[in-house]
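Enquirer: All I have is the shape, not the residue letters:
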């Protein structure tokens, strides 16, 4: 029966408290700004620090370029008019790089979380040497950085979104890319530094792409009050992520959420992961296109568009393929819901556009199989992801979150010139 | 991108701080006592409060009967010899009541977490009116309380362990009991107060039985450094619980962990939950006994003992039945492990005694189907629950945890006479 609480009033040195409070004030400026107009008084009321303390902290944030100040605001309250504060739209930013099976997407997000630059290239990364794929991604990132610089944005960190098991800076396994034990962070960082020497000191982190897409959905999507959800991203692989109470559930080793490899039929077709009959073999992009009679020739994005077109036109083969995938998804999802009890299931990737035909059979399975009875058909607990949430933006926003959590750690990363 | 931290140095009034610190000191006395001998100096070093503060808090805990003091201890350190402190072995205690399909088990646990009184009765609760079952359980609890009183133990709260979906004081659904929307806490509390009027003010809480068995395993079992695990309890129903980083994962509505209703075969036999082909229909007690050719006449506990005996004797029908159940368990568990990424899977209930025959086929499925490759056969990640951990003890310990978390709230529940 262990588990200690930190004693209230445990010692924290002055420097730690100030760093913590700088973060608190910076995030309050952002949130007050989203709700209307941020003032020192509003920030003070929100965070519970005195106005004098807030003013001093705001000065430091203005000096370091994290916050900007605009004209006077008349809030209707008594006393002197305040000055409106905003998180800076230039300066520190996050760089997100999603490397997926058939595309690379790079995104720069500013401190407010807004996507400011985006570059996506469709290319087949299957079977290519990992170093080559990461070098290509670094090339796209370098060009994106150039565009960001034109907008006076200066990424202070990079996050990689990768379709596989990611831990300790490496891709442990990415079956659909054919990667095993790839030191992705180092390889990417070196390739980028080779192209843009100024980025040599930029910290690089990495994370499973479905996890980052789920965070993007949480932060930027239309989930409203939903804070616990299961996120599925249908691509060539089927990725998944669990968010509980606004926190990503990473598991004991960082490998949680692999719903694509939940077994549907133990004797089913071989999967690239080494198992048989995984969900991916029935509801992944390749399986879906094949079942719909759309050849591999049509390629990824083109094939999915063709599938949507045929479903829209009432093509019975396409409709049956999507309905079958929906039923399989619903069966696996009902198990996941019974285990994890989320408030919603969000379907992203190729599933988003297929929702009109995919959702009804999936809903039917959920209604019949979820023990709690909370998942009645049409209850809106199964929903399409918003377009705003994708892994590259989630990755960039994760960097921004690091900055917001400790601006002091990043205050020297922003060149004085910017 | 919401999520606030409490400001360090946010105001907490003196009373709150003292209550918090009383809890801190009480838990430190318990933990230091487990490791050797608790002294004021040792507690002070552990919690980071001054010796003067600790002495004052200890006085209050001695006065309220939460802590006792014994002879002098010579720790070898310089200075005056200290006095050994212990959490009280009399006085405040927790009452745990597990109501399962074919038994009721009641347990009283003292502040140190030790089970002190236990009473178990085997009876068939299926189909009986819920009020009657709860009244019977209250009768057993009343007799257990009498025994506890003889040991000078005074339960200050009750927790019910129930085999179903539990939330807001009610059993929402317990398919194997045939319960729907049963106000279990109220019904039990009233029945117990009718038998022992002194208990009328005793707070009653309730929780899913697998959740409480998992907590008992965490607190009293042999898990070592494992803090994230999936717990399965095989009874007539197959219950489950998820513990992540030492915390129970309850889900958005408190219904997480229902692994017994993960679908194995969508067209399989009907389940009491309303779905078809749930794991429970293949690996639950009734299914196992039936597959082994052991008639319902043998009854629950007797049937399982007979099954173990036959497996031990090499009976091919019994061995095949257990191996099939093991494979099914392994398939469902591999999905759960892919989703949740725990460090271990713990099998309790009837599975514990069947491990020699159940574990190898289950391990084989896990080895072949868990994407992370961390689950190689024989790696010891699949393990039997310890005998020390059961739902009734977990329930009683949950009450004790409440007491330890805020002793002040319970200091008036202990009659002066005890």
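Expert: Everything's here; your move. Only a predicted model underlies this, so the values are computations on that prediction, with no experimental measurement involved. Numbering: from 1, shown residues only, chains lettered A, B, ... in the order given.

Enquirer: Give me the pLDDT value at residue A:9.
Expert: Listed pLDDT for residue A:9 reads 41.

Enquirer: The one 5 residues further on now?
Expert: At residue A:14, the model reports a pLDDT of 76.

Enquirer: which bits of the stretch 151-300 of chain A sit near chain B?
Expert: A:165, A:172-173, A:175, A:219, A:227-228, A:240, A:242, A:244, A:246, A:249-259, A:261-263, A:266, A:273-276 (CB under 8 Å from any CB of the partner chain). C-beta coordinates here come from the backbone N, C-alpha and C atoms, glycine included.

Enquirer: Select only the buried ones of those in ChimeraX?
Expert: Selection of buried members from those for ChimeraX, criterion 16 or more other CB atoms under 10 Å in any protein chain shown:
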select /A:165,172,173,175,219,227,228,240,242,244,249,250,251,252,253,254,255,256,257,258,259,261,262,263,266,273,274,275,276
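
Enquirer: Next step: the residues of the stretch 151-300 of chain A next to chain B restricted to strands.
Expert: A:165, A:172, A:173, A:240, A:242, A:244 (DSSP state E).

Enquirer: wouldn't residue A:266 be in contact with residue B:331 here?
Expert: Yes. Using CB atoms under 8 Å, residue A:266 makes contact with residue B:331 at a distance of 5.4 Å.

Enquirer: Which residues are in contact with each of those two?
Expert: Contact criterion CB atoms under 8 Å, 6 or more residues apart in numbering or on different chains; residues shared by residue A:266 and residue B:331: residue B:365.

Enquirer: Could you please name the strands the helix or strand bottoming out on mean pLDDT in chain A pairs with and the direction of each pair?
Expert: One helix or strand of chain A scores below all others by mean pLDDT, DSSP states H and E: strand A:67-73, with a mean of 79. When pairing is defined by DSSP bridges, strand A:67-73 lines up against strand A:82-87 (antiparallel).

Enquirer: ok, and what's touching the partner strand?
Expert: So strand A:82-87 is contacted by A:26, A:29-30, A:32-33, A:37-43, A:58, A:66-73, A:75, A:110-112 (CB under 8 Å, 6+ apart).

Enquirer: Separate out the buried members of those.
Expert: Here, 16+ other CB under 10 Å leaves A:26, A:29-30, A:32-33, A:37-43, A:58, A:66-68, A:73, A:110-112 buried among the contacts of strand A:82-87.

Enquirer: Surely residue A:120 is in a strand?
Expert: Yes. Using DSSP: H, G, I helix; E, B strand; the rest coil, the assignment for residue A:120 is a strand.

Enquirer: what helix or strand does the nearest residue to it once chain neighbours are set aside sit in?
Expert: With sequence-adjacent residues excluded and distances taken as CB to CB, 6 or more residues apart in numbering or on different chains, residue A:120 is closest to residue A:105, at 4.2 Å. Using DSSP states H and E, residue A:105 sits in strand A:103-110.

Enquirer: who does the residue nearest to residue A:373 when sequence neighbours are not counted bridge with?
Expert: Once flanking residues are discounted, residue A:373 sits nearest to residue B:173: 6.9 Å by CB to CB, 6+ apart. Beta bridges link residue B:173 to residue B:165, residue B:180 when assigned by DSSP bridges.

Enquirer: Surely residue B:173 is in contact with residue B:184?
Expert: No. Checked against CB under 8 Å, the pair residue B:173 and residue B:184 is beyond contact range at 12.0 Å.

Enquirer: Residue ranges in chain A under the pLDDT threshold?
Expert: Applying pLDDT under 70 to chain A picks out residues A:1-12, A:72-82, A:296-299, A:412-418.
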